[in-house]
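>>> Sequence and predicted structure, then a few things I'm wondering about:
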Amino acid sequence: MLSLDSALAGALRVSPALRQSGAEQREQEALRRGAFSLINPGVIVESPTGAFYTLGAQQTFEFPTVYTRQAQVGRAQVTLAQRNQQISRNTVQREVRLSYLALQIAEAQQRQLASQDSLLRTLAAASERLYNAGEVDYLQRVSTEAESRQAANRLQQATADRRAAQARLGLLLGQPTAELATGPDLMALGTVVLPPTNAVAPPDSAQLQANPQLAFALQNIEVSRLNLRLARARALPGVVLGYQNQGERDSPVRNRFQAGLSLPLYFWTYRSQVQAADARLQASLAQRAATTLEVSREYQQALADVAKFEASVRYFQQTGLPQSRTIVSTAQRLFRAGEVSYYLFVQSVNQAFQIRTDYLDAVRGYQEALIQLNFLRGQ
């Protein structure tokens with residue numbers, strides 16, 4: 001029997017999406033360590049007087065602010081990769097919870113249809129005996145057999161659905177052929193625990209603060225802002241240092257230091273880079289606004305779904321399921337006593353099992369809405 005916690009731990013351990021985001025984070029960490037990157041030094045062979053050749057070296061440094069900005073961008077990129085990994089983790093958790101719920105529902109449907117199939121098989125066998133004894137007509141016998149075969153067909157379909165749900169969950173766990181089984185029976189009264197009303201409240205900044213998508217969008221703005229500062233810093237003059245020989249061979253000082261500036265004369269290049277970085281910042285701000293709007297919209301929809309399905313689940317737990325059990329037990333007792341007809345008995349049984357099917361649909365909708373809420377909260 002597989003618990004939800006075990007399924008989550010197993011999926012997070014083998015998830016390709018998490019491996020990818022982890023590798024991307026390591027990539028950014030490696031790039032951050034190389035943020036203080038210098039232009040390759042130049043080795044110069046020259047002849048100061050034309051009589052001999054000598055070696056020299058020259059190194060160009062960008063304005064010191066550039067290296068500070070590069071380090072800031074590197075750290076921000078690492079944080080952005082971490083935010084992306086949180087998105088991947090949150091997404092994997094939602095997929096596992098949905099797949100686990102789908103398997104729970106499939107198992108409950110199979111158990112329910114197995115119970116219905118067993119009841120109708122017993123009825124069909126009894127109808128066959130009564131028909132042979134001449135106590136029921138041919139129409140009742142054929143109708144009973146048809147109902148039994150329909151129940152058996154639905155059970156077969158439910159079994160196939162359960163196997164498909166097992167395969168989907170198994171794929172997330174890296175065990176596509178495993179025979180997985182979940183925990184408690186969702187049909188048991190009280191299994192679905194409804195939270196207090198204040199646990200599901202309208203969205204505010206505190207509730208959505210941990211949303212990974214919003215955190216990613218916010219960090220993306222910070223990266224864009226730092227890249228804009230970096231682009232502006234690169235438009236500042238650089239420093240050129242050299243160590244070369246510019247005298248005679250017998251000069252008491254062979255090589256001498258040189259110093260100069262690298263001037264940003266090609267201003268259009270730097271201006272276009274600054275404009276591009278500024279446009280990227282504006283796009284990041286717009287993306288943040290769009291993400292906030294979308295997350296808030298999805299949260300409101302999830303809240304509406306929770307309220308809708310919660311009321312339905314409460315009804316079935318308090319009224320519908322007890323009534324379905326009463327209907328089945330009463331119909332069986334009266335049918336055995338000969339007080340109700342076959343048609344009324346079958347109609348009553350089908351009504352009772354339809355109530356249980358509707359309950360499962362309500363449970364599915366309610367749990368899926370809660371899973372979506374947890375996903376949007378980053379939980």
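That came in fine, so what should we check first?
>>> For the protein, which segments count as helices?
4-14, 16-33, 64-132, 138-173, 212-233, 267-315, 321-336, 342-377 (DSSP state H).
>>> what's the closest of those to residue 43?
With CB to CB, the closest approach to residue 43 among these belongs to helix 64-132: 23.1 Å. C-beta coordinates here come from the backbone N, C-alpha and C atoms, glycine included.
>>> Okay, angle between that closest one and helix 212-233 too, please.
Interaxial angle, helix 64-132 versus helix 212-233 (axes from the mean of the first three to the mean of the last three CA atoms, to 10 degrees): 160 degrees.
>>> What helices and strands are in contact with helix 64-132?
Here helix 64-132 touches helix 4-14, helix 16-33, helix 138-173, helix 212-233, helix 342-377, going by 3 or more CB pairs under 8 Å, 6 or more residues apart in numbering; DSSP states H and E.
>>> returning to that earlier point: would you mind putting the helices of the chain into JSON lines with mean pLDDT, mean neighbour count and distance to residue 45 alongside?
Converted to JSON lines, these look like this (pLDDT from 0 to 100; neighbours: other CB atoms under 10 Å; distance: least, CB to CB, whole Å):
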{"stretch": "helix 4-14", "mean pLDDT": "86", "mean neighbour count": "15", "distance to residue 45": "58"}
{"stretch": "helix 16-33", "mean pLDDT": "85", "mean neighbour count": "15", "distance to residue 45": "34"}
{"stretch": "helix 64-132", "mean pLDDT": "87", "mean neighbour count": "19", "distance to residue 45": "30"}
{"stretch": "helix 138-173", "mean pLDDT": "86", "mean neighbour count": "17", "distance to residue 45": "63"}
{"stretch": "helix 212-233", "mean pLDDT": "90", "mean neighbour count": "20", "distance to residue 45": "33"}
{"stretch": "helix 267-315", "mean pLDDT": "89", "mean neighbour count": "15", "distance to residue 45": "30"}
{"stretch": "helix 321-336", "mean pLDDT": "87", "mean neighbour count": "16", "distance to residue 45": "92"}
{"stretch": "helix 342-377", "mean pLDDT": "88", "mean neighbour count": "19", "distance to residue 45": "64"}
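>>> any chance of those in JSON lines, with distance to residue 243 too?
Converted to JSON lines, those look like this (distance: least, CB to CB, whole Å):
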{"stretch": "helix 4-14", "distance to residue 243": "55"}
{"stretch": "helix 16-33", "distance to residue 243": "28"}
{"stretch": "helix 64-132", "distance to residue 243": "21"}
{"stretch": "helix 138-173", "distance to residue 243": "61"}
{"stretch": "helix 212-233", "distance to residue 243": "27"}
{"stretch": "helix 267-315", "distance to residue 243": "29"}
{"stretch": "helix 321-336", "distance to residue 243": "89"}
{"stretch": "helix 342-377", "distance to residue 243": "61"}
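>>> Out of the ones you listed, which gets nearest to residue 54?
Per CB to CB, nearest to residue 54 of the helices of the chain: helix 64-132, 30.8 Å.
>>> returning to that earlier point: Serialize the helices and strands packed on helix 64-132 to JSON lines and add fields for distance to residue 306.
Shown next, in JSON lines, are the helices and strands packed on helix 64-132 (distance: least, CB to CB, whole Å):
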{"stretch": "helix 4-14", "distance to residue 306": "19"}
{"stretch": "helix 16-33", "distance to residue 306": "27"}
{"stretch": "helix 138-173", "distance to residue 306": "23"}
{"stretch": "helix 212-233", "distance to residue 306": "20"}
{"stretch": "helix 342-377", "distance to residue 306": "4"}
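>>> between those helices, which gets nearest to residue 101?
Here helix 342-377 is closest among these (CB to CB), at 5.1 Å.
>>> Would you mind writing the CA trace of stretch 165-175 as PDB?
Taking C-alpha atoms only, stretch 165-175 is exported to PDB below (Å, rounded to 0.1, in the frame of the first residue of the first chain):
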ATOM      1  CA  ALA A 165      -4.300   5.300 -13.200                       C
ATOM      2  CA  GLN A 166      -1.700   2.900 -11.800                       C
ATOM      3  CA  ALA A 167       0.500   3.300 -14.900                       C
ATOM      4  CA  ARG A 168       0.300   7.100 -14.800                       C
ATOM      5  CA  LEU A 169       1.300   7.200 -11.200                       C
ATOM      6  CA  GLY A 170       4.000   4.600 -11.800                       C
ATOM      7  CA  LEU A 171       5.500   6.700 -14.500                       C
ATOM      8  CA  LEU A 172       5.900   9.600 -12.100                       C
ATOM      9  CA  LEU A 173       7.600   7.200  -9.600                       C
ATOM     10  CA  GLY A 174       9.800   5.600 -12.200                       C
ATOM     11  CA  GLN A 175       7.900   2.300 -11.800                       C
END
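>>> hmm, who's touching that stretch?
Contact with stretch 165-175 is made by 7, 10-11, 14-15, 92, 95-96, 99-100, 102-103, 105-106, 176-180, as judged by CB atoms under 8 Å, 6 or more residues apart in numbering.
>>> Residue 11 and residue 174: what is the separation?
To residue 174, residue 11 is 8 Å away according to CB to CB, to the nearest Å.
>>> again, but for residue 120
Distance from residue 120 to residue 174, by CB to CB: 40 Å.
>>> I'd guessed residue 110 sits against residue 155; true?
Yes: between residue 110 and residue 155 there is a contact under CB atoms under 8 Å: 7.0 Å.
>>> what about residue 208, how many residues close to it?
18 (other CB atoms under 10 Å).
>>> residues contacting the residue sitting nearest the centre point of the chain?
Nearest to the mean C-alpha position of the chain, counting by CA atoms, centre = their mean, stands residue 91 at 1.0 Å. Residues near residue 91 by CB under 8 Å, 6+ apart: 17, 375.
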